[in-house]
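>>> please find the sequence and the predicted model below.
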There are 2 protein chains.
Amino acid sequence: MNWRARLLKLDGLTPEIDDLGALAWGTLADCDPDAELVFLGTMEGKPCFAAVPPEGADGPAYAQPQIWSAMNLLSDKDLATYGGARSLVDWHARHRFCARCGSATEIAKGGWQRNCPEEKGGCGAQHFPRTDPVTIMVVEHDGRLLLGRQPNFPPRVFSALAGFVEPGESVEEAVAREVKEEAGIAVRDVRYVSSQPWPFPSQLMIGCHAIADDDALTIDKTELEDAGWFTRAELEDARAAGADGNDTLVFPRRVAIAHHLVTWWLEQKT
Amino acid sequence: MNWRARLLKLDGLTPEIDDLGALAWGTLADCDPDAELVFLGTMEGKPCFAAVPPEGADGPAYAQPQIWSAMNLLSDKDLATYGGARSLVDWHARHRFCARCGSATEIAKGGWQRNCPEEKGGCGAQHFPRTDPVTIMVVEHDGRLLLGRQPNFPPRVFSALAGFVEPGESVEEAVAREVKEEAGIAVRDVRYVSSQPWPFPSQLMIGCHAIADDDALTIDKTELEDAGWFTRAELEDARAAGADGNDTLVFPRRVAIAHHLVTWWLEQKT
């Protein structure tokens, strides 16, 4: 037992927050001696760990308001620490068996791998934490930006369209396919803007900008409840209105890359 | 049985090539009636499928010279078709069991999903084909480009450094970490250049450029056999020498994104 080591305090996958609004840490003595531990790195000279919970995530992040409350309190550094830790322990909790042969697997390499042990009848396969690339895009036409809302979004929230990159696609192809599928329009001049990890459960959000020559939308109602074009003035007004938005629009939350993409677009020279 | 449907001819995961150097196609009558089929899309008005082979990929792509010979023959369109198909059928072959509970899974949604059937004692989990984001970067210092070679590369082949994006990282953070780990140098001004899917087994290669302020390398010999800085003249000479390279350097192959990244850099205005 290393008494200097710190353990990230999690209730399932929800972070515990201390009185100062920061992530709460305990010691390895706090955790079940049989728990699988994931090494998160060294912070302030101390090795830091998180324990794999009995169950992984069930259902989407937007259905867990306590997670959102916690995330809105955290600093960017704590958000990054929590996000990386959450993705890893959730992956372990949902990958206790070998996808190749069905045997029970064992944690390895400080939590950055799981092995299917041949000495216990397994196939010897090695498994690695999964990160899924997702494209998320602000589409521009004639000075307006295309945003959409999924049926489960809170009222008046619109955000950038997004979708998983499929096997065999480039980033640019994925952007064009998603916009065509969800909104029925063709885009050109796809341009990378920035990226961000997203821990529900473990995405790499690849933020892009693209141009549409046409604004006639055909909305895929299985994906989007609504979508529309927003002017610079409408977006600036919603942003200025803060977290609760104005009467018609809530600007995407600070922790989401959509916030940065729309802000980036607003700050471009016109 | 749809007699118009086409089946991609694969020997395991190796494509069969016809007399004209194109992918060979058969009909669904050619395939084992019990085989799992993946829908690849409609081409020339005909639905196209590939069958999941008994075994997935074993070992890295560079150890399979017959794959490379085939890929060098194919057009860009056939390469994309083969790459997407290979990633999907290989994923199915290596994911016949539920990672959450260990039960046997079943193919669903035309091969774009596997389900763990509750009616057969499974847990009901849904599993989706995996795509792993990888950063690959050309690092520049004082007019020279950093390239490295892995121990298993053919002689005189040097390529761009690369590595998987880890949970909790952005593209830019992954580039900086990889270059620091593999070559011991810090980079700045990471810039996205282009992306490409890579089907060994299913990567999204995210190509970037970055600047190093220092050229003193500390090579991680577990990752790289060698690494060094190459001048524009050295790279242009190797490129002009063709597929076999010159006495000191083989330019990265046409099918690899490293080829495009180095070519992009050579064609930049100086």
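Now that the structure is in, tell me what you want to look at.
>>> secondary structure element for residue A:122?
Following DSSP states H and E, one finds residue A:122 outside all helices and strands.
>>> confidence score at it?
Here, the pLDDT recorded for residue A:122 equals 97.
>>> next, the contact list for it, please.
Contact analysis of residue A:122 by Cβ atoms under 8 Å, 6 or more residues apart in numbering or on different chains lists A:98, A:101, A:103, A:104, A:105, A:115, A:116. Where C-beta positions appear, they are placed from N, C-alpha and C, glycine not excepted.
>>> hmm, the first one is touching residue B:98, no?
No - checked against Cβ atoms under 8 Å, the pair residue A:98 and residue B:98 is beyond contact range at 9.9 Å.
>>> the strand with the most length in chain A packs against which elements?
Identified as the longest strand of chain A according to DSSP state E is strand A:187-198. Secondary-structure packing of strand A:187-198 (3 or more Cβ pairs under 8 Å, 6 or more residues apart in numbering or on different chains; DSSP states H and E): helix A:76-93, strand A:132-141, helix A:171-183, strand A:203-212, helix A:257-267, helix B:171-183.
>>> is the first one positioned near chain B?
In this case it means helix A:76-93. Yes - Helix A:76-93 reaches chain B (Cβ under 8 Å from any Cβ of the partner chain) through A:80, A:81, A:83, A:84, A:85, A:87, A:88, A:91.
>>> got those as a markdown table, with neighbour count columns?
Below are the residues of helix A:76-93 next to chain B laid out as a markdown table (neighbours: other Cβ atoms under 10 Å in any protein chain shown):
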| residue | neighbour count |
| --- | --- |
| A:80 | 18 |
| A:81 | 23 |
| A:83 | 23 |
| A:84 | 22 |
| A:85 | 26 |
| A:87 | 25 |
| A:88 | 24 |
| A:91 | 24 |
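>>> the residue nearest in space to the middle of chain A bridge partners, please.
For chain A, the residue nearest the mean C-alpha position is residue A:198 (2.0 Å; Cα atoms, centre = their mean). For residue A:198, the beta-bridge partners under DSSP bridges are residue A:203.
>>> and it, what pLDDT?
94.
>>> tell me which helix or strand the residue in the stretch 101-250 of chain A that chain B sits nearest to sits in.
In the stretch 101-250 of chain A, the residue that lies nearest chain B is residue A:168 (2.4 Å; Cβ to the nearest Cβ). Using DSSP H and E, residue A:168 sits in no helix or strand.
>>> list the contacts for the closest residue to it other than its chain neighbours?
Nearest in space to residue A:168, with sequence neighbours left out and distances taken as Cβ to Cβ, 6 or more residues apart in numbering or on different chains, is residue B:84 at 2.4 Å. By Cβ under 8 Å, 6+ apart, the residues touching residue B:84 are A:166, A:167, A:168, A:169, B:40, B:197, B:199.
>>> mind redoing it with 7 Å?
A:167, A:168, B:40 (Cβ atoms under 7 Å, 6 or more residues apart in numbering or on different chains).
>>> who are the contact partners of the residue nearest to the first one when sequence neighbours are not counted?
I take that to be residue A:167. Nearest residue to residue A:167 in three dimensions, chain neighbours excluded: residue B:87, at 3.7 Å (Cβ to Cβ, 6+ apart). Listed by Cβ under 7 Å, 6+ apart, the contact partners of residue B:87 are A:167, A:168, B:199, B:201, B:202.
>>> if we use 6 Å, what do you get?
Residue B:87 sits next to A:167, B:199, B:202 when contact means Cβ atoms under 6 Å, 6 or more residues apart in numbering or on different chains.
>>> so the last one touches residue B:131, yeah?
By that I understand residue B:202. Yes - counting by Cβ atoms under 6 Å, residue B:202 does reach residue B:131; the two are 5.3 Å apart.
>>> higher neighbour count, these two?
residue B:131 (27 against 22; other Cβ atoms under 10 Å in any protein chain shown).
>>> thought the more buried one was touching residue A:168?
No - applying Cβ under 6 Å, one finds residue B:131 not in contact with residue A:168, separated by 8.8 Å.
>>> from start to finish, how long is stretch A:36-50 in a straight line?
Stretch A:36-50 has an end-to-end distance of 9 Å (Cα to Cα, to the nearest Å).
>>> spell out which residues of the stretch 151-270 of chain A are next to chain B.
Counting by Cβ under 6 Å from any Cβ of the partner chain, the stretch 151-270 of chain A comes close to chain B at A:165, A:167, A:168, A:169, A:170, A:171, A:192, A:195, A:196, A:197, A:202, A:204.
>>> do you know how far the third one is from residue A:207?
Which is residue A:168. Distance from residue A:168 to residue A:207, counting by Cβ to Cβ, to the nearest Å: 22 Å.
>>> buried stuff in stretch A:35-55?
Buried residues in stretch A:35-55, counted by 16 or more other Cβ atoms under 10 Å in any protein chain shown: A:35, A:36, A:37, A:38, A:40, A:48, A:49, A:50, A:51, A:52, A:53.
>>> and the single nearest residue of the stretch 1-150 of chain A relative to chain B, what pLDDT?
Nearest residue of the stretch 1-150 of chain A to chain B (Cβ to the nearest Cβ) works out as residue A:84 at 2.4 Å. pLDDT, the model's per-residue confidence, is 94 for residue A:84.
>>> touching, the residue of the stretch 101-250 of chain A closest to chain B and residue B:197? I think so.
Yes - taking Cβ under 6 Å as the definition, residue A:168 is a contact partner of residue B:197 at 5.0 Å.
>>> what sits in contact with each of the two?
Joint contacts of residue A:168 and residue B:197 (Cβ under 6 Å, 6+ apart) are residue B:83.
>>> now the angle from the lowest-mean-pLDDT helix or strand in chain A to helix A:76-93?
Lowest on mean pLDDT, DSSP states H and E among the helices and strands of chain A sits helix A:65-73, with a mean of 82. Interaxial angle, helix A:65-73 versus helix A:76-93 (axes from the mean of the first three to the mean of the last three Cα atoms, to 10 degrees): 150 degrees.
>>> output helix A:65-73 as CSV, nothing but the C-alphas.
The C-alpha trace of helix A:65-73 is given here as CSV (Å, rounded to 0.1, in the frame of the first residue of the first chain):
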residue,chain,number,x,y,z
PRO,A,65,-28.3,15.8,-14.3
GLN,A,66,-26.1,15.3,-11.2
ILE,A,67,-23.1,14.8,-13.6
TRP,A,68,-23.9,18.0,-15.4
SER,A,69,-24.1,19.9,-12.1
ALA,A,70,-20.8,18.6,-11.0
MET,A,71,-19.1,19.3,-14.4
ASN,A,72,-20.3,22.9,-14.4
LEU,A,73,-18.4,23.4,-11.1
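>>> low-scoring stretches of chain A, by residue?
A:1-3, A:59-63, A:269-270 (pLDDT under 70).
>>> got the domain boundaries for it?
For chain A, the structural domains run A:6-94, A:132-267, going by automatic domain parsing.
>>> returning to that earlier point: which of the buried residues of stretch A:35-55 fall within helices?
Cross-referencing those against helices under DSSP state H gives no overlap.
>>> out of the residues you listed, flag the one nearest to residue B:7.
residue A:52 (42.2 Å; Cβ to Cβ).
>>> give me every residue that touches that closest one.
Here residue A:52 is in contact with A:36, A:89, A:92, A:93 (Cβ under 6 Å, 6+ apart).
>>> ok, now with 7 Å
By Cβ under 7 Å, 6+ apart, the neighbours of residue A:52 are A:35, A:36, A:38, A:89, A:92, A:93.
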